[in-house]
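Asker: fold the following for me, if possible:
(2 chains)
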Amino acid sequence: MQKWQNQRAWFLVIPVVVLVAFNALIPLMTVVNYSVQDIFDPTHRIFVGTEWYQEMLLNSRLQHALLRQLIFSGLVLLIELPLGVAIALTMPRRGGWAISATLVIIALPLLIPWNVIGTIWVIFLRPDVGLLGHFIDHTLGIHFDYPTVPLQAWISVMMMEVWHWTPLVVLLAYAGLRSIPDAYYQAASIDAASRWAVFRYIELPKMRGVLTIAVLLRFMDSFLIYTEPFVLTGGGPGDATTFLSIYLVKLAVGEFDVGKAAAFSIIYFLIVLLFSYVFYQVLLRAQRGEVR
Amino acid sequence: MKDRGRFIWLLVYLLVLLLPIYWMLNMSLRDNNDIMSRLAFFPDHPVLHNYIEILTDPSWYWGYINSFAYVSINTAICLVVALPAAYAFSRYRFLGDKHLFFWLLTNRMAPAAVFLLPVFQLYSALGLLDTYIAVALAHTLFNVPLAVWILEGFMSGVPREIDETAFIDGYSLPRFFLVVFIPLIRAGVGVTAFFCFMFSWVELLFARTLTVTNAKPIAVVMTRTVSASGLDWGLLAAAGMLTIVPGALVIYFVRNYIAKGFALGRV
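Answerer: This is a model prediction of the structure:
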């Protein structure tokens, strides 16, 4: 759409800018301030320059947390994307109350507070009182103790994550599918196209926009994950499920290492900023593609 | 026949989705001795006393009132500031508009953990700690960019000729905006309010950090009460069930728009 050129539009944006600047810029500057100082107490502080940055970049716990984070986010995409699309394909494209009810049920996990998500899974996975925990431990006969076995902790966190966020992918993919006009399917059936051909040449291209968004949103949000694994495993056993946010909070609140935590924050924020930029560019390109 | 096969898979998925929630419901209807003594798929003697305890004990039910208070304030603030801004982004080109939009988006993606300590210090310096307004304002960090983004999408779907016609008819911008434009995008306003509600309702890190007693949200009451009094699974499950109810109600009202709202991909 052609837009009007008008600098006075800034007046309409000022409230948002002020509000977000208050919440984002002041805290960010505070963090920058902390990251270059060694603070003993409010009156004794020394300027240390980039010392904290160097220390954090060489810190093996941070590197491992970053590696775990990347593996985690990668697995999230590998599992949730195909699963979400597959489920969206099973949903009827037309229909009255049944489709509404299905959408409500599918969206339900998205509206549960994040620590309650953790609590639900703690309850569900307990070998003594939890259904799934009991099933694995007693019926399958596999000793199940996710708080002490790293692999089981990972599987548990992944199960929770897939349960929690696949619905978002389903809703996005479904919205994309619903925007396909019936005529496309009629044409396909006249051509006697196979189910696979319909998916490959009609449905997948039409879902490209929403799926791009799904990939990027899931990547971003899983990159920032904190509350759910914190409630379920507390980042343990050891550091096995300590992702970036969990390690950061451990450092800032647990060990009260303000300088290091601040330097870590800036590094973390820059990584996120880099991804955001890529995200924005890809999104703009996808939108431009749709217009064409 | 092929359709029936598809529906069975869908049904299986819905069951798997509901199973953990059902298990919590099941536990919330049993007392703790019963839960610890055996595993039962159905509560044999359903009891409501977990719910009654929560709904009659002020330290529990105030958690819900607090959560609702700051979530509502947050949604209101977000809509009020985001509506004009979204209009500006959808209709005008101005100096730095694209950069500004990107900067807003980065805040949607900023890790809350990064801002935790300074935000706490900021609000305590202003004497706002432990108030609804503090949590509501802190949540605008990620909700305002989101609201601007969603609303901009809906507004760009309205042809600009409508604005032009109205201005020729002598409407001023504020009057046009309130009388003509907002009713046109009311679905978008509803979807935006839904997402602001949702993200403020599920967020815990800021809510926990900025509250002590007076404004403590239910999700935090749950964590602290449980760690203080040992584990009463039944009570914990009942509290969890009650946090799902508001979300389920809200989602019911926007069920017809939800797919569309997600489709804009501006979550």
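Asker: now the helix or strand hosting residue A:175, how far from the chain's geometric center?
Answerer: Following DSSP states H and E, the helix or strand that holds residue A:175 is helix A:150-178. Relative to its parent chain, helix A:150-178 has a centroid offset of 10 Å by CA atoms, centre = their mean, to the nearest Å.
Asker: so which elements touch it?
Answerer: helix A:60-90, helix A:97-107, helix A:114-125, helix A:208-223, helix A:227-232, helix B:2-28, helix B:255-263 (3 or more CB pairs under 8 Å, 6 or more residues apart in numbering or on different chains; DSSP states H and E). C-betas here are computed from N, CA, C, even on glycine.
Asker: what is the third one packed up against?
Answerer: Under the contact criterion of 3+ CB pairs under 8 Å, 6+ apart, the helices and strands touching helix A:114-125 comprise helix A:131-134, helix A:150-178, helix A:227-232, helix B:2-28, helix B:218-228, helix B:233-253.
Asker: and whichever strand or helix holds residue A:16, what's its mean pLDDT?
Answerer: In the assignment (DSSP H and E), residue A:16 maps to helix A:10-35. Helix A:10-35 shows a mean pLDDT of 88.
Asker: just name whatever secondary elements that helix is in contact with.
Answerer: Short answer (3+ CB pairs under 8 Å, 6+ apart): helix A:10-35 packs on helix A:258-291, helix B:58-91, helix B:97-108, helix B:112-125, helix B:132-156.
Asker: which stretch in those has the least confidence?
Answerer: What stands lowest among these, in mean pLDDT terms, is helix A:258-291, with a mean of 79.
Asker: so which bits of that helix are buried?
Answerer: For helix A:258-291, a neighbour-count test (16 or more other CB atoms under 10 Å in any protein chain shown) marks A:258-269, A:272, A:275-276, A:279-280, A:283, A:286 as buried.
Asker: returning to that earlier point: between the helix holding residue A:16 and helix B:112-125, how many degrees?
Answerer: 100 degrees (axes from the mean of the first three to the mean of the last three CA atoms, to 10 degrees).
Asker: helix or strand right after helix A:10-35?
Answerer: Assignment by DSSP H and E places the next element after helix A:10-35 at strand A:37-41.
Asker: ok now that next one, how far from the chain's centre?
Answerer: 34 Å.
Asker: which one is residue A:242 nearest to, not counting chain neighbours?
Answerer: residue A:235 (3.9 Å; CB to CB, 6 or more residues apart in numbering or on different chains).
Asker: show me the contacts for that neighbour.
Answerer: Neighbour list for residue A:235: A:229, A:241, A:242, A:243, A:246, A:247, A:250 [criterion: CB atoms under 8 Å, 6 or more residues apart in numbering or on different chains].
Asker: isn't residue A:222 up against residue A:78?
Answerer: No. With contacts counted by CB atoms under 8 Å, residue A:222 stays clear of residue A:78, the gap being 11.4 Å.
Asker: with neighbour numbers in mind, choose between these two.
Answerer: Using other CB atoms under 10 Å in any protein chain shown as the criterion, residue A:222 and residue A:78 rank with residue A:222 on top: 19 against 10.
Asker: so who does the more buried one touch?
Answerer: A:72, A:73, A:76, A:77, A:161, A:165.
Asker: can you check residue B:80 too?
Answerer: So residue B:80 contacts residue A:15 (CB under 8 Å, 6+ apart).
Asker: recalculate using a threshold of 10 Å.
Answerer: Counting by CB atoms under 10 Å, 6 or more residues apart in numbering or on different chains, residue B:80 touches A:15, B:147.
Asker: any idea how far it lies from residue B:181?
Answerer: 15 Å (CB to CB, to the nearest Å).
Asker: ok so, going back, between the contacts of residue A:222, which sits nearest chain B?
Answerer: residue A:165 (11.2 Å; CB to the nearest CB).
Asker: how about residue A:248, nearest residue that isn't a chain neighbour?
Answerer: Nearest to residue A:248 is residue B:113, by CB to CB, 6+ apart, at 4.6 Å.
Asker: and what of residue B:82?
Answerer: Closest to residue B:82 by CB to CB, 6+ apart is residue B:147, at 3.7 Å.
Asker: residue A:48 too?
Answerer: Per CB to CB, 6+ apart, closest to residue A:48 is residue A:38, 4.9 Å.
Asker: neighbours of that neighbour, how many?
Answerer: 15.
Asker: just to check, it is in contact with residue A:259?
Answerer: Yes. Assessed by CB atoms under 10 Å, residue A:38 is found in contact with residue A:259 at 5.6 Å.
Asker: now do the contacts for the nearest residue to residue A:160 once chain neighbours are set aside.
Answerer: Nearest residue to residue A:160 in three dimensions, chain neighbours excluded: residue A:121, at 4.6 Å (CB to CB, 6+ apart). By CB under 10 Å, 6+ apart, the contact set of residue A:121 is A:130, A:132-133, A:146, A:156-157, A:159-161, A:163-164, A:228-229, A:231-233, B:20, B:23-24.
Asker: which of the three states applies to the residue nearest to residue B:154 when sequence neighbours are not counted?
Answerer: Nearest residue to residue B:154 in three dimensions, chain neighbours excluded: residue B:188, at 2.9 Å (CB to CB, 6+ apart). Of the three states, residue B:188 takes helix according to DSSP: H, G, I helix; E, B strand; the rest coil.
Asker: burial of residue B:188, as a residue count?
Answerer: Look at residue B:188: counted by other CB under 10 Å, it has 24 neighbours.
Asker: would you mind measuring from it to residue B:84?
Answerer: For residue B:188 relative to residue B:84 (CB to CB), the value is 14 Å.
Asker: where does residue A:102 land on pLDDT?
Answerer: 86.
Asker: excluding chain neighbours, what is closest to it?
Answerer: residue A:91 (6.4 Å).
Asker: my guess is residue B:242 contacts residue B:68, does it?
Answerer: No. The criterion here is CB under 10 Å, and residue B:242 misses it with residue B:68 at 11.8 Å.
Asker: which neighbours do the two share?
Answerer: What both residue B:242 and residue B:68 touch, as defined by CB under 10 Å, 6+ apart, is the set residue B:218.
Asker: what about those two, which has more around it?
Answerer: residue B:242 (21 against 16).
Asker: show me what contacts the more buried one?
Answerer: A:116, B:28, B:50, B:51, B:54, B:55, B:60, B:61, B:63, B:64, B:218, B:222.
Asker: make a markdown table out of those residues and add neighbour count and distance to residue B:105.
Answerer: Output for the contacts of residue B:242, formatted as a markdown table (neighbours: other CB atoms under 10 Å in any protein chain shown; distance: CB to CB, whole Å):
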| residue | neighbour count | distance to residue B:105 |
| --- | --- | --- |
| A:116 | 27 | 28 |
| B:28 | 26 | 39 |
| B:50 | 24 | 42 |
| B:51 | 17 | 41 |
| B:54 | 23 | 39 |
| B:55 | 13 | 41 |
| B:60 | 19 | 38 |
| B:61 | 15 | 38 |
| B:63 | 25 | 32 |
| B:64 | 19 | 32 |
| B:218 | 25 | 30 |
| B:222 | 25 | 32 |
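Asker: and these, which two are furthest apart?
Answerer: A:116 and B:55 (17.4 Å; CB to CB).
Asker: check the chain and tell me which residue is nearest its centre.
Answerer: All of this refers to chain A. residue A:221 (2.1 Å; CA atoms, centre = their mean).
Asker: that's the wrong chain, I wanted chain B
Answerer: residue B:198 (1.5 Å).
Asker: so it versus residue B:147, what's the distance?
Answerer: Distance from residue B:198 to residue B:147, by CB to CB: 12 Å.
Asker: any common contacting residues for the two?
Answerer: With CB under 10 Å, 6+ apart, residue B:198 and residue B:147 have common neighbours residue B:75.
Asker: show me the shaky parts of the stretch 151-267 of chain B.
Answerer: B:223-230, B:256-267 (pLDDT under 70).
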